[in-house]
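J.: sequence and predicted model, in that order:
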Amino acid sequence: MLNLKNNIFKGQAFALTSIIIILFIILIGGIALQPLICEDIDISNTMIINDLNICMSRLFIKVIVESSKYGESTVFINKLNKFQEFLNKTISKNYNLKFDWNGGIYFNWNSSISFTKAFLNMKISGKNFKVIKQYSYNFIVKILHSIWINSSLNVKIKASLNNKPIKVNVLAFLIKVNNTWIKVNSSYIMIDTGQIHVHYNVSIPPTFIYGIISDINGVIVKIKCEVKSA
């Protein structure tokens, strides 16, 4: 929700525009936008806020992608802390603006229900306004069944992002046979919106399956579970 007033300090408007430019230079990627909450904001052009929203969304995605490459929450925290320090040094000296954040990222990997979840609460405040934004990210991959029967392995997997089915990429899919991990060729993997199906002929029953799955933004989840023999 936006509360608009008639006047704006030109210096602070310029500072917000500078933040946007800095973010555009730093960031890549994208995410669906959510409404901003703006308290007592002195601004006559909502495009500045919309552009800021786009840039902060991209920042959020970029940091999640980088963190999921390593499966380390410290990457998320360190990158946002460095960005906060850099931005505050850039804008606070001349424009009396301040950027604050809190958030975190969580990895639950290598199980039949695996996820990468993150949230970010962002605030940019000045003498006459406060911009507040909350972001959340919830990428879940669930193995519905993994069965070996009549020399055939059948696996069904469900994937969603923020509770909506999405089409994903299978970066790697392996099966464990006689203590050896074997890579399954992509020709045996069928991908549809929200679902992955694996049909693979193998005479010896596998004991485990393992997969590395990425969503449309490049965020990673790793899955693993036992194979049931019928």
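T.: Yep, that arrived.
J.: after the helix or strand of the chain with the lowest mean pLDDT comes which helix or strand?
T.: Least confident helix or strand, the chain: strand 37-39 with a mean of 45, by mean pLDDT, DSSP states H and E. Later in the chain than strand 37-39, the nearest helix or strand by DSSP states H and E is helix 46-70.
J.: for that next one, name the packing helices and strands.
T.: helix 10-26, helix 73-95, strand 98-108, strand 113-125, strand 130-149, strand 220-226 (3 or more C-beta pairs under 8 Å, 6 or more residues apart in numbering; DSSP states H and E). Glycine gets a C-beta too; all of them are placed from N, C-alpha and C.
J.: what's the angle between the last one and strand 113-125?
T.: Angle, strand 220-226 to strand 113-125, by axes from the mean of the first three to the mean of the last three C-alpha atoms, to 10 degrees: 160 degrees.
J.: run through who's touching the helix or strand following strand 220-226.
T.: Next helix or strand after strand 220-226 toward the C-terminus (DSSP H and E): strand 228-229. Contact partners of strand 228-229, identified using C-beta atoms under 8 Å, 6 or more residues apart in numbering, comprise 145-149, 205.
J.: of the residues you listed, closest to Ile189?
T.: Ser146 (13.5 Å; C-beta to C-beta).
J.: specify the beta-bridge partners of that closest one.
T.: Val155 (DSSP bridges).
J.: just for the protein, where's the confidence low?
T.: Filtered on pLDDT under 70, the chain yields the residue ranges 1-51, 90-96, 127-129.
J.: which residue ranges make up each domain of it?
T.: 10-104+120-135, 140-229 (automatic domain parsing).
J.: any chance of a markdown table for the ones you listed, columns distance to Ser114 and mean neighbour count?
T.: Listed next are the domains of the chain as a markdown table, based on distance: least, C-beta to C-beta, whole Å; neighbours: other C-beta atoms under 10 Å:
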| stretch | distance to Ser114 | mean neighbour count |
| --- | --- | --- |
| domain 10-104+120-135 | 11 | 17 |
| domain 140-229 | 5 | 16 |
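J.: nearest to Ile113, of those domains?
T.: That would be, of the domains of the chain and by C-beta to C-beta, domain 140-229, which comes in at 4.9 Å.
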